[in-house]
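**Q** model the structure of this input:
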Amino acid sequence: MTSIWMATTEISSRPALSEDMTAEVCVVGAGIAGLTTAYLLANEGRSVIILDDGSIASGETSRTTAHLVNALDDRYFEIERMHGEKGARLAAESHTAAIDRIEAIITKEKIACDFERLDGYLFVPPGDSTDVLDKELEAAHKSGLKDVEHIKRAPLEGFDTGPCLRFPRQAQFHPLKYLDALAHAIEIRGGRIFNQTHVEEFKDGSPTHVKTDRGLVVSAGAIVVATNTPVNDWVTIHTKQAAYRTYVIGLRVAKGSVTKALYWDTPDPYHYVRLQELSGYEVLIVGGEDHKTGQADDADERFGRLEAWTRERFPAAGAVEFHWSGQIIEPIDSLAFIGRNPGDKNIYVATGDSGNGMTHGTIAGILLTDLISGRENEWETLYDPSRISLRAAPEFARENLNVLAQYSDYATAGDLNQTREITASTGALVRQGLKKLAVYRDSQGSLHKRSAVCPHLGCIVAWNDAEKTWDCPCHGSRFDPYGKVLNGPANVDLQPDGG
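**A** Alright, predicted model coming up:
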């Protein structure tokens, strides 16, 4: 499914890596975190190489709804509980700084990407208690966001939100226009970007090395792994975060019929809303209906519920013109993991976007540039990938018990008994003796069989009919219909079936 950003933007491509190279820093991943890090390092005169197995921002960055916020969906009172008053203050400070840094880069580089400051409004569902708003207002003020205020309702015609919180000076932009321009700015400063280049090995040291699937090597003083979820780490980080699918629809609305702002409600999963201007009209972008990756295949129902929710509250909404889903990596204690990869000296990671990927990715750029340059940064401890939060122990247990439960799929029957039952452009799990196969029938009727065992930690993948992918229910690895890896933590394809 194509997001509004992919449908309305043409991204310039770069060649694949064709020879061994050296640089001061090698960044793996050309999304918001990777490109921001590379840009800030290149701005300081450092030599940078960026490698990505797709094109610029072709991964989860292309599927964001691009809310730029310091209003965090896990709530400041929860962040305070997890990380203390200082941690909540630093979280507010860093997300505010991220929006400011994006604005400063746009101004400096003269980037036309629809950047706009606007207010954000947080409200509860009809009939729910507003106590959560009172708690969040108090926590936001303690965190330094003194201009957050309690108001009677959000400025919407036809939908009375009831009491809500107004978060001023939030922002939105067109993420692909921004990142395409950022890539050009990196190259102007001597950075080198290579697309269609898959990294299969990472080696710490002085220097560090990455090796591609074609056997080519990049040597660097430091490696930054900015691949949404780390593909260099097998276990440590992945026990502290979980992958979720989130769903988005875009509905045509007349210009000015909906007050331009960011809107969020408080359920779990919550809904998030914004507007994007296109030629002659606007698109109302509405997201929500999250579930753990690989643990549901009912996208049509979720899109339907999103549409029903939207039409009840935004009567000006017209036809659904876009729909897509994206992957959110949720850390157990609400904040991203940014810094040295646990156990490594010169390998750094940025992961755990927690639904705030555009700001967390920009925070990563600022923080990693400081760490690689040997500068102190007050945010380092808060985002440290090695941190252990005892207050997050119940969430840690819940997520990892959920992972353990997925291994029971080895003992279950397949989706279908025979491959002949698989229809065109569809996949299904088929049991073959003791093995489970991921079988896809293409549009021409040919069958493609792969092992259904995820090469990361051995869970059985599930078919995602909306995206036409095989998704791992344990840690969120995803593969195309033919078994080619699309998302980590797996870093290799589903194996041949051996038959």
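**Q** which secondary element of this structure has the worst mean pLDDT?
**A** One helix or strand of the chain scores below all others by mean pLDDT, DSSP states H and E: helix 393-406, with a mean of 71.
**Q** beta partners of Gln432?
**A** Note on Gln432: beta-bridge partners by DSSP bridges are Lys435.
**Q** and for Asp471?
**A** Ala462, Arg478.
**Q** run through the helices of the stretch 101-250 of the chain in chain order.
**A** In the stretch 101-250 of the chain, the helices defined using DSSP state H, counting those that start in this stretch lie at 131-142, 175-188.
**Q** which one of those lies nearest to His456?
**A** helix 175-188 (27.3 Å; CB to CB). The way it works is simple: take the backbone N, C-alpha and C, and place the C-beta from them, glycine included.
**Q** name the helices or strands packed onto the closest one?
**A** helix 4-8, helix 32-43, helix 76-109, strand 192-194 (3 or more CB pairs under 8 Å, 6 or more residues apart in numbering; DSSP states H and E).
**Q** mean neighbour count, those: which tops it?
**A** helix 32-43 (a mean of 27; mean count of other CB atoms under 10 Å).
**Q** and it, what does it pack against?
**A** Going by 3+ CB pairs under 8 Å, 6+ apart, helix 32-43 lies up against strand 21-28, strand 48-51, helix 175-188, strand 217-225, strand 347-351, helix 357-372.
**Q** mind running it again at 6 Å?
**A** strand 21-28, strand 48-51, helix 175-188, helix 357-372 (3 or more CB pairs under 6 Å, 6 or more residues apart in numbering; DSSP states H and E).
**Q** partners of the first one in the sheet?
**A** So that's strand 21-28. strand 48-51 (parallel), strand 217-225 (parallel).
**Q** and among those, the most buried is which?
**A** By mean count of other CB under 10 Å, the strands paired with strand 21-28 have strand 48-51 as the most buried, with a mean of 26.
**Q** what's the following helix or strand after that strand?
**A** strand 67-68 (DSSP states H and E).
**Q** look up phi and psi at the residue nearest in space to the middle of the chain.
**A** Geometric centre of the chain, nearest residue: Ile328, 4.5 Å, by CA atoms, centre = their mean. Torsion angles at Ile328 (phi, psi; degrees, to the nearest 10) stand at phi -110, psi 130.
**Q** repeat for Asn487
**A** phi -130, psi 140.
**Q** partners of it in the sheet?
**A** Beta-bridge partners, per DSSP bridges, of Asn487: Arg478.
**Q** so how far is Trp264 from it?
**A** Separation of Asn487 from Trp264 (CB to CB, to the nearest Å): 26 Å.
**Q** and Gln495, by the same measure?
**A** Distance from Gln495 to Trp264, by CB to CB: 42 Å.
**Q** okay, these two: which has more neighbours?
**A** Trp264 (22 against 13; other CB atoms under 10 Å).
**Q** residues near the closest residue in space to Val148 that isn't next to it in sequence, how many?
**A** What sits nearest to Val148 in space, not counting adjacent residues and going by CB to CB, 6 or more residues apart in numbering, is Ala140, at 4.4 Å. As a burial measure, Ala140 scores 26 neighbours (other CB under 10 Å).
**Q** check the gap between Ala140 and Gly191 for me.
**A** 38 Å.
**Q** okay, which residue of the chain is out on the far edge from center?
**A** The chain, farthest from centre, CA atoms, centre = their mean: Gly433 at 37.5 Å.
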